[in-house]
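Q: Return atomic coordinates for the entry below.
(one chain, ligands or ions: 1)
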Amino acid sequence: MQMRASVARKTIKSIRQQAFEQTHLFDSHPESSLDFEKVRSAVKDGYDKPFLLIDSSIIREKTRRFTAAMPRVRPHYAVKANPDPRVLKTLLEEGAGFEIASIAELDLLVSLGVPATDVFYSNPTKSRDFIARAAAQGIEWFVIDSVEELGKIHSIKSDARLYLRIDTPNIGSDWPLAGKFGAHPGEAREIVLTAARLKADLAGVAFHVGSQCRNPENWRVGMEKSRAAFDQMAKAGLNPRLLNVGGGFPVRHVKPIPAIEVIGEVVNRALEAFPTAVKVIAEPGRFLVSDAGYFVCRIMGTATRAGKRWMHLDAGLFGGIIETAEGLKYKIRTDRAGPDVPWNVAGPTCDSIDVVMRDEPLPSDLQEGDYIYIKNAGAYTTAYASNFNGFPLPEIRVI
Ligand SMILES: *Cc1c(COP(=O)(O)O)cnc(C)c1O
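A: Sure thing, here's the model as predicted:
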């Protein structure tokens with residue numbers, strides 16, 4: 001009885017503690033963004049097609065803030081978020097390493113003078129050709145999440161340093177990745193035993209909590225599972241010495257977010273379970289570049305169809321504004337002050353899929369020629385854009 005009462009007390013205490021933490025979790029620190037006056041002045045410099053304005057000083061600030069929040073964790077920027085050479089150069093100057101998915105990304109980094117040893121190949125399934133080329137360039141670290149990939153890399157580069165991507169919960173992430181990549185416990189066991197048998201250097205663990213993750217607990221759980229995987233590897237005679245806590249660090253759009261300092265506290269505490277000799281990296285993409293950019297486009301025309309207001313922009317899903325299709329809500333600014341009404345916002349192409357937002361509240365007096373300014377859009381916009389239907393790629397201007 002007594003034990004039960006104490007368990008109940010403990011539970012109530014932990015629920016209270018959680019409730020306390022929840023209220024203090026979100027929007028606890030100020031977030032910086034590209035100054036809107038700089039966006040206005042860029043438009044005054046001229047406009048002939050959609051553009052992304054990037055302020056490199058914000059990238060620097062975010063990189064420093066990340067490192068200050070997690071002093072043991074070296075950021076390896078996920079190149080796919082925004083592979084503009086000026087963006088990469090800024091990150092290089094700030095001391096970041098990099099994470100790649102393809103040889104084109106590696107070639108770009110090498111052309112900028114990034115040492116191959118600072119690049120992690122974190123795409124769980126790679127072609128033989130790409131593995132061989134990466135190895136020839138001097139890449140040391142390769143991710144795996146299957147026995148097949150282990151065998152493939154081992155047959156090409158038997159001394160490769162490998163890290164195992166494990167499956168972790170993606171609860172509370174806007175882009176859950178669980179279900180695509182990551183070894184589950186039984187598979188992880190088989191990979192570990194196979195690596196030991198092959199005498200492959202399976203030397204670390206990685207996970208990814210899902211992009212724009214607003215739940216810091218996912219990192220704690222990921223790191224606990226990583227800790228268990230370390231033990232399993234050591235028991236099999238392997239020498240685990242790399243922990244990769246992945247990406248997913250969120251930026252502020254419409255919904256409140258846990259600040260990087262709050263996530264940092266969770267990560268730093270969980271790191272106490274890893275010896276100091278363990279190398280610890282993260283792979284932030286969005287976090288380092290989103291806030292540095294505004295995406296600027298223009299209304300080509302408006303229409304009323306079946307009683308609904310439509311605006312057609314000169315950039316849509318194919319022109320870089322694609323994350324809205326997966327539910328991301330951007331903060332949008334305009335130069336109009338009319339009362340908000342629901343608009344359907346479309347891109348310029350004739351494809352029926354090219355609708356960026358439906359029933360988005362925007363000023364009623366918006367009209368042809370007006371500019372649309374999308375805040376914190378430095379990541380996963382221009383990187384996705386295509387020439388589909390003959391519309392030009394957005395330009396990137398860096399200040
Ligand atoms: C895309 C990706 C990242 C970056 O994710 P963000 O949500 O932008 O931080 C990191 N690691 C891997 C393996 C990725 O595929």
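
Q: So the spatially closest residue to Ala234 that is not a sequence neighbour: helix, strand or coil?
A: Leaving aside its sequence neighbours, Ala234 sits nearest to Pro240 (Cβ to Cβ, 6 or more residues apart in numbering; 6.2 Å). All C-beta spots, glycine's among them, are computed from the backbone N, C-alpha and C. Assigned by DSSP: H, G, I helix; E, B strand; the rest coil, the conformation of Pro240 is coil.

Q: ok, Pro240 to Pro185 distance?
A: Distance, Pro240 to Pro185, by Cβ to Cβ, to the nearest Å: 16 Å.

Q: how many neighbours does the residue nearest to Ala234 have?
A: For Pro240, the count of nearby residues is 24 (other Cβ atoms under 10 Å).

Q: surely Gly222 meets Val245?
A: Yes: assessed by Cβ atoms under 8 Å, Gly222 is found in contact with Val245 at 6.7 Å.

Q: What is the neighbour count of Asn387?
A: 10.

Q: dump the residue contacts of the residue lying closest to it once chain neighbours are set aside.
A: Spatial nearest neighbour of Asn387, excluding adjacent residues (Cβ to Cβ, 6+ apart): Leu393 at 6.2 Å. For Leu393, the contacting residues are 319, 382, 385-387, by Cβ atoms under 8 Å, 6 or more residues apart in numbering.

Q: Mark which of the residues you listed are buried, thanks.
A: Burial by neighbour count, judged by 16 or more other Cβ atoms under 10 Å, picks out 319, 382, 385 from these.

Q: thinking again about what came up before, just put the contacts of Leu393 in a markdown table and tack on pLDDT and distance to the ligand.
A: Below are those laid out as a markdown table (pLDDT from 0 to 100; distance: Cβ to the nearest ligand atom, whole Å):
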| residue | pLDDT | distance to the ligand |
| --- | --- | --- |
| Gly319 | 97 | 20 |
| Thr382 | 96 | 14 |
| Ala385 | 95 | 17 |
| Ser386 | 96 | 19 |
| Asn387 | 94 | 23 |
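
Q: Quick check: the two most widely separated of these?
A: Thr382 and Asn387 (12.7 Å; Cβ to Cβ).

Q: how about stretch 116-126: buried residues?
A: Counting neighbours by 16+ other Cβ under 10 Å, stretch 116-126 gives 116, 118-124, 126 as buried.

Q: should've said stretch 315-331
A: 315-324, 328, 330.

Q: How far does it stretch from one end to the other?
A: Taking Cα to Cα, to the nearest Å, stretch 315-331 runs 16 Å from one end to the other.
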